[in-house]
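Student: Sharing a sequence plus its predicted fold:
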Amino acid sequence: MANLKAESKLNLHKMIKWINKKLNICIAGEGGQGAQTIAKIITDTAFKLGVPVSYVPNYGVEQRGGVSIAFVRLSNQPITYPKFTTADIVVLLSNRSYERTQQHIGSQTKVFYNTDFVEQKLPKSYRGFAFDKLANELGSHRAFNMIVLGQVVKLMDSLPLAAVIKQTHLKFVDKYKNKPELKKLNELAIKKGYDLV
C-alpha cells in the first residue's frame with residue numbers, strides 16, 4: 001500500500017511540473033458560449049486528482065449578453081491567492097472577450113481564439129480555430145465548447161485527457177438520460193479539440 005501511495009505521488013509530481021509552479025488560465029466569451037462550463041470541468045478534474053486548483057468566475061455588468069470570464073489557477077502546492085495578473089493560456093471566444101482579457105496577456109502567454117466569432121485583427125502569434133465550423137462538422141453546434149475544452153487540455157499538457165473526459169461525462173450525466181447520443185458527441189468533440197494542431 002505504501003509503495004502504491006509513493007507511486008501515485010510521483011505520478012502527480014510529474015503531471016504538474018509547470019513553469020513557476022503554477023498554471024494560470026483565462027477563458028473568455030459571451031454568456032452562453034460555455035466559458036464557465038469549460039473552466040468548471042478543468043477545475044473538478046484537477047480537484048479529483050488531488051491537484052491544488054482555484055476557479056473564479058467573472059461576469060459582465062450587463063444584465064443580458066455580458067462577457068463571461070473564467071479564471072483557473074492550478075499549482076503543485078497549496079494556492080493561497082486565486083487571482084493572477086498574467087495568464088499562461090488565454091482563450092478568446094468572442095470579439096469583446098479580447099478587450100476584456102488584454103491585461104492578462106503577456107509575452108509568453110499562449111493565446112487561441114474562435115475565428116468564427118473573433119473578427120478583429122490579432123497578433124500572428126495567436127492561434128485561430130473555426131470552432132463553430134468544426135462543431136457543425138461533428139453534427140451539432142452544441143459540441144462547440146467541448147472542442148475548445150479539448151484544445152485547452154492539449155495546451156495545458158498537465159491533466160490526463162481520459163480524466164477530463166470522465167469528468168465531462170459526470171457533469172452531464174443528467175442530460176445524457178434524455179439525450180444519450182450527447183455522451184458520444186462530447187467525447188468525440190473533446191478528442192477533436194485535443195488533436196487540433
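Tutor: Received it, and whenever you're ready, just let me know what you need. Numbers count the residues shown, from 1 in each chain.

Student: For the rest of this, base every contact and every neighbour count on C-alpha atoms.
Tutor: Will do.

Student: List the residues that contact Ser140.
Tutor: Ser140 makes contact with no residue under the criterion CA atoms under 8 Å, 6 or more residues apart in numbering.

Student: okay, it: pLDDT?
Tutor: Ser140 is assigned 92 on the pLDDT scale.

Student: which residues sit in contact with Met101?
Tutor: Slight slip there: residue 101 is Thr, not Met. Residues near Thr101 by CA under 8 Å, 6+ apart: 26, 28, 90.

Student: Point me to the helix or strand that includes Met146.
Tutor: Here Met146 sits within helix 144-156, counting by DSSP states H and E.

Student: no no, Ile41
Tutor: Going by DSSP H and E, Ile41 is part of helix 35-48.

Student: and that helix, what other elements does it pack with?
Tutor: The contact analysis (3 or more CA pairs under 8 Å, 6 or more residues apart in numbering; DSSP states H and E) places helix 35-48 against strand 22-30, strand 53-59, strand 67-75, helix 144-156, helix 161-171.

Student: Mind doing that once more with 7 Å?
Tutor: Identification of packing neighbours for helix 35-48 by 3 or more CA pairs under 7 Å, 6 or more residues apart in numbering; DSSP states H and E yields strand 22-30, strand 53-59, strand 67-75, helix 161-171.

Student: could you check the angle strand 22-30 makes with the shortest one?
Tutor: In this case it means strand 53-59. Between strand 53-59 and strand 22-30, the angle comes out at 20 degrees (axes from the mean of the first three to the mean of the last three CA atoms, to 10 degrees).

Student: quick check: angle from strand 53-59 to strand 67-75?
Tutor: Here strand 53-59 points in a direction 170 degrees away from that of strand 67-75 (the same axes, to 10 degrees).

Student: Sheet-wise, list the partners of strand 53-59 with their directions.
Tutor: When pairing is defined by DSSP bridges, strand 53-59 lines up against strand 67-75 (antiparallel).

Student: Return the strand it pairs with as CSV; C-alpha atoms alone will do.
Tutor: Only the C-alpha atoms of strand 67-75 are listed here, as CSV (Å, rounded to 0.1, in the frame of the first residue of the first chain):
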residue,chain,number,x,y,z
VAL,A,67,-18.8,38.9,-21.3
SER,A,68,-18.2,35.8,-19.2
ILE,A,69,-14.6,35.2,-18.0
ALA,A,70,-13.3,32.2,-16.0
PHE,A,71,-10.0,32.4,-14.2
VAL,A,72,-8.5,29.0,-13.3
ARG,A,73,-5.2,28.5,-11.4
LEU,A,74,-3.5,25.1,-10.9
SER,A,75,-0.4,24.5,-8.9
